[in-house]
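Engineer: test case, fold it:
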Amino acid sequence: MKKTILLAFICIATFSCDKKENAAPQPDLTPISLTYQKAATVRTSGSDLKVELKEVNDSRCPINADCISAGSAKLVFAVSDASNQVNVNFEFKGGSKNDQVFKLGGTDYVITVSEVLPYPQISVTPKLEDYKIAVSIEKK
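Structural biologist: Below is the predicted model:
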């Protein structure tokens, strides 16, 4: 009985240590912090993209309020490479998947927004310059 248990543990240990040779490397999606009308450079699979926050329309439910719906923040980004530029309209909804596919110069990219700060409050209306958006982009 002891030999059977020992053999089972050895088999489990062997299979759990199995190396995945054909696993694709995962891209580093470290978000950058973006502020209004200040461009930032995002490195994506060997190419640099310039991203600029052009517009913010924040209709999210304020922290200190009771709302029927959570609302969203509508964002407009200008994304460019060395020779092309595109405006990306993005709708940020806090709890759902916040990414969108866009095309720039014949290449598909995925833009992901993980955070939009500051969160609205009833008595405070943030200026566009106060917003900080956490953005990452990867080649699709």
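Engineer: my read: residue 61 touches residue 67, true?
Structural biologist: Yes - applying Cβ atoms under 8 Å as the test, residue 61 and residue 67 come out as touching, 3.5 Å apart. (Glycine included, C-beta is placed from N, CA and C.)
Engineer: so for those two, which residue has more residues nearby?
Structural biologist: Between residue 61 and residue 67, counted using other Cβ atoms under 10 Å, residue 61 has the larger neighbour count: 17 against 10.
Engineer: which pLDDT value goes with residue 82?
Structural biologist: Looking at residue 82, its pLDDT reads 84.
Engineer: scratch that, residue 35 is what I was asking about
Structural biologist: 80.
Engineer: how far away is the closest residue in space to it that isn't next to it in sequence from residue 53?
Structural biologist: Nearest residue to residue 35, sequence neighbours excluded (Cβ to Cβ, 6 or more residues apart in numbering): residue 132, at 5.8 Å. Separation of residue 132 from residue 53 (Cβ to Cβ, to the nearest Å): 9 Å.
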